[in-house]
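Q: Model the following, please.
(one chain, ligands or ions: 1)
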Amino acid sequence: MRTAILASGRGSNLQALIDAHQSGALPIEIVAVGSDQLRAGALKRAEESGIPTRVFQTNHYPNRQGQEEDILSWLKENQVELLLLAGYMKVLGPQFMRQVHIPILNIHPSLLPAFPGLHAQRQALEYGVKVSGCTVHFVDEGLDSGPIILQEAVPVLPEDTVESISHRILAVEHRLYTEAVRLLALGKVERTGRQVKILQ
Ligand code: GRF
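A: Residues are numbered from 1 along each chain as shown. Below is the predicted model:
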């Protein structure tokens, strides 16, 4: 599966996907990495692995539509069959979602539908939950609202800080995202409306 990844930040999930691919555990081809942030660590990581990168810097566009049209052309140019969001901090708009006809996946650091949006780990701590975790889901036009593919719980400990819980969740994210992408690439993810079945 020709795969593109969009990331805004340090890119540790991107790195986990690259590593899994390089070790032969992920039957996809990462053909392109894009970012809305010129200085995203994710771009550097991609370059170090020889993956072509593209920047769609938000302030270079008059509006979101222009930026998203460029992303759509980039996906077409690269004949992308699967788009992965890995810490991509912008919501893809309804027009983009209507025009893109490939699966898009995202990883979110909470057990959705709890704590969507920004600072999910802080939201979980402040709410006082005893368990949080992470979710890999299909992207739809909402905010972290698409059908859920995989989830895994992580305990929240009394002494946790945002940093410590984020760190514990992140280790699981790397494994869970890779596993979800592997299952999808092997044709083992069957989606019917909101229901996602993992085929054996
Ligand atoms: C992760 O916590 C991911 O779940 C969220 O953004 C963060 C990205 O981290 N969507 P990284 O850039 O992959 O290290």
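
Q: pLDDT below threshold where in this protein?
A: Applying pLDDT under 70 to the chain flags no residue at all.

Q: residues from the protein in reach of the ligand?
A: Listed as neighbours of the ligand in the chain under the rule CB under 6 Å from any ligand atom: 7, 9-14, 86-87, 107-109, 170, 173. Just so you know, the C-beta spots here come from the backbone N, C-alpha and C atoms, and that holds for glycine as well.

Q: one more time with 8 Å, if that's ok
A: Of all the residues in the chain, those in contact range of the ligand (CB under 8 Å from any ligand atom) are 7-16, 41-42, 85-89, 106-109, 120-121, 134, 166, 169-170, 173.

Q: of the residues you listed, buried ones?
A: When those are checked for burial by 16 or more other CB atoms under 10 Å, the buried set is 7-9, 11-16, 41-42, 85-88, 106-109, 120-121, 134, 166, 169-170, 173.

Q: Buried residues, stretch 122-141. List them.
A: 123-125, 129, 132-140.

Q: just stretch 26-33 next, same as before
A: Neighbour-count burial for stretch 26-33, with 16+ other CB under 10 Å as criterion, is recorded at 26, 28, 30-33.

Q: Any chance you could list what contacts that stretch?
A: Stretch 26-33 has contacts (CB atoms under 8 Å, 6 or more residues apart in numbering) with 1-7, 14, 17-18, 20-21, 42-43, 46, 49, 51-54, 74, 78-80, 82, 178, 181-182, 185-186.
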